[in-house]
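Asks: Show me how the following folds:
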Amino acid sequence: MVKIRLKKFGTKKRPCYRVVVQDAREPRDGRCIEEIGIYQPIAAEEAQVSIDMDRAKYWIGVGAQPTDIVKKLMNRQTASQSK
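Replies: Numbers count the residues shown, from 1 in each chain. The predicted structure follows:
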């Protein structure tokens, strides 16, 4: 099964995450199929989330399952773009 989930990088107390398409059996920071975005929780509110929605929709269309947090991030990005 393929999942769209977060992959952690950054330094101690300064986390950053990549939104990746990855096999569910791979470890969190393991090999990924494609990187489709970035999430920086300590950045300014409008600059926290950047996801390529076209690629995300493609992967969801072919059966990838986004995690709950990635769903929330995608909803937040689409809401901020429609304002």
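Asks: show me what contacts the residue most central in space within the chain?
Replies: The chain has Val19 as the residue nearest its centroid, 2.5 Å off, counting by CA atoms, centre = their mean. If a contact means CB atoms under 8 Å, 6 or more residues apart in numbering, then Val19 has 4-7, 35-39, 51, 56, 70, 73 as its contacts. For every residue, glycine as well, the C-beta is placed using N, CA and C.
Asks: Quick check: the gap between Gly61 and Asp54.
Replies: Distance, Gly61 to Asp54, using CB to CB, to the nearest Å: 11 Å.
Asks: and the longest helix for this protein?
Replies: With DSSP state H applied, the helix covering the greatest number of residues in the chain is identified as helix 68-82.
Asks: Give me the neighbour count for Cys16.
Replies: 16 (other CB atoms under 10 Å).
Asks: Quick check: closest non-adjacent residue to it.
Replies: Nearest residue to Cys16, sequence neighbours excluded (CB to CB, 6 or more residues apart in numbering): Gly10, at 3.8 Å.
Asks: so what does the helix or strand hosting the one you found touch, helix or strand wise?
Replies: For Gly10, the host element (DSSP states H and E) is strand 2-11. Using 3 or more CB pairs under 8 Å, 6 or more residues apart in numbering; DSSP states H and E as the contact test, the elements touching strand 2-11 are strand 14-23, strand 34-39, helix 53-61, strand 65-66, helix 68-82.
Asks: Same list, these, but as JSON lines with distance to Ala47 please.
Replies: Putting the helices and strands packed on strand 2-11 into JSON lines (distance: least, CB to CB, whole Å) gives the following:
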{"stretch": "strand 14-23", "distance to Ala47": "12"}
{"stretch": "strand 34-39", "distance to Ala47": "10"}
{"stretch": "helix 53-61", "distance to Ala47": "17"}
{"stretch": "strand 65-66", "distance to Ala47": "21"}
{"stretch": "helix 68-82", "distance to Ala47": "10"}
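Asks: Quick one, which of the ones you listed gets closest to Glu46.
Replies: helix 68-82 (6.6 Å; CB to CB).
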